[in-house]
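>>> Next comes the sequence, and after it the predicted model I'd like to discuss.
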There are 2 protein chains.
Amino acid sequence: MIHNILKDKKVLLASASPRRRLIFDLLGIKALVIPTHIDEPTTLELPYIQAIKHAKNKVMAISGKIDEDAVIIGADTVVYLNGMILGKPRSREDATDYLRILSGKTHSVYTGLCVKHCQVIQCDYARSRVTFGELSEQDIEEYIITREPFDKAGAYGVQGFGSQFITRINGCYFNVMGFPVNLFYQLLKGMFQE
Amino acid sequence: MIHNILKDKKVLLASASPRRRLIFDLLGIKALVIPTHIDEPTTLELPYIQAIKHAKNKVMAISGKIDEDAVIIGADTVVYLNGMILGKPRSREDATDYLRILSGKTHSVYTGLCVKHCQVIQCDYARSRVTFGELSEQDIEEYIITREPFDKAGAYGVQGFGSQFITRINGCYFNVMGFPVNLFYQLLKGMFQE
């Protein structure tokens, strides 16, 4: 299990996301959290390629500054629908737009994951499909008042108030929250147990 | 949204489950939690019929003892595979057996939900499909040491250490955790907003 694979290692999480920190707590991983603030401009590349690239950039931003033998973990989550990447909303209007776009539809969430240990770097991604029920204008208004949409890709949180709008997830739930737990376990097993 | 529909009402949650309490906290619902300890024998009925019946029994166990106009909520979760209902394991051996059965397979989780307000009772259920990766004997042993399997139907928790074994969920994630949040929202809208 993950906490046993990592228990004697120095673990660094290159992320500013409180949700990733929460997932590490749930998994019993003791990690030093180092928020990275790198620019993540959206490009025309495929969403999973962007997510992997950003995850790797987060890892590389702190690699070199710390012990060679630390395990450094980076992740980046992208919400994608109809060729559009929905980032973190910068305003109330953005959030309203994003939620109207997601209403009644199924979108994809990609998380790129990157793990570095000594000279080995492993990257991969997970994709989940998330279906929203129809949102009324009242739903959107009441949801924005909770302030939950504002620091989250796609303007919603799957684990809070936003959960009531989601009729179906197909794939890894924790990927939608920002960290694909089963994929992480697979990567670690490949790196440390084979 | 749920917290607005319920905000001026007296809300009672007829459940001993700390996970349901956690979900209520995430949704901003202020509820009085009244654990019910009724016998939930498994029968030969379909799993969702059993789950609904048990959810209703929990509601009825506290109805009559409290204000008529309170909103009483009961839920019951059942893990089902190949015609078998996997309840809470009573021993280490039970837990080992259940986890071996779930390993590498897709099972169903049903949660029956019952909401009562004045003379109106609404019941329904949600079904999610959960896919486990292959568990090694070491995985099972290490997982049992965490003690997480013991108070949970099917001997696993979707939101803790158990998350690393799950490769896919198809349906409502919170249903697997014990409370189908979107279904609850639908029921409440039908009872209070139409």
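The structure has been received and is ready for your questions.
>>> What does the residue located most distally from the centre of chain A show for phi and psi?
Checked against the mean C-alpha position of chain A, the extreme residue using C-alpha atoms, centre = their mean is residue A:138, at a distance of 27.9 Å. The phi/psi pair for residue A:138 (degrees, to the nearest 10) reads phi -70, psi -40.
>>> again with residue A:72
Torsion angles, degrees, to the nearest 10, at residue A:72: phi -110, psi 130.
>>> ok, it touching residue A:57?
No - look at residue A:72 against residue A:57 with C-beta atoms under 8 Å: they stay out of range, at 11.9 Å. Quick note: C-beta positions are derived from backbone N, CA and C, even for glycine.
>>> Which residues of chain A lie near chain B?
A:1-4, A:23, A:26-28, A:133, A:139, A:142-143, A:146, A:158-161, A:163-174, A:181-182, A:184-186 (C-beta under 8 Å from any C-beta of the partner chain).
>>> sorry, back to before: which one of residue A:72 and residue A:57 has more residues nearby?
Taking other C-beta atoms under 10 Å in any protein chain shown, residue A:72 and residue A:57 do not tie; residue A:72 has more neighbours (25 against 18).
>>> where's that one relative to residue A:88, distance?
From residue A:72 across to residue A:88, the span is 24 Å (C-beta to C-beta, to the nearest Å).
>>> gap between the host helix or strand of residue A:55 and the chain center?
If you go by DSSP states H and E, residue A:55 is part of helix A:47-62. Chain-centre distance of helix A:47-62: 11 Å, with C-alpha atoms, centre = their mean, to the nearest Å.
>>> What of stretch A:166-180?
The answer for stretch A:166-180 is 10 Å, by C-alpha atoms, centre = their mean.
>>> can you tell me the distance between the two ends of that stretch?
18 Å (C-alpha to C-alpha, to the nearest Å).
>>> Can you mark which positions in it are buried?
A:166-180 (16 or more other C-beta atoms under 10 Å in any protein chain shown).
>>> Count the residues that sit near residue A:186.
18.
>>> correction: residue A:28
15.
>>> is it true that residue A:12 touches residue A:70?
Yes - proximity of residue A:12 to residue A:70 meets the contact threshold set by C-beta under 8 Å, at 5.4 Å.
>>> Just want to know which of the two has more residues nearby.
residue A:12 (22 against 18).
>>> partners of the more buried one in the sheet?
As for beta bridges, residue A:12 partners with residue A:32, residue A:72 under DSSP bridges.
>>> Could you pull up the contacting residues of it?
Residues in contact with residue A:12 (C-beta atoms under 8 Å, 6 or more residues apart in numbering or on different chains) are A:31-34, A:62, A:66, A:70-73.
>>> buried set for the host helix or strand of residue A:126?
Per DSSP H and E: residue A:126 is located in strand A:120-132. Residues A:123-128, A:130-132 are the ones in strand A:120-132 that count as buried (16+ other C-beta under 10 Å).
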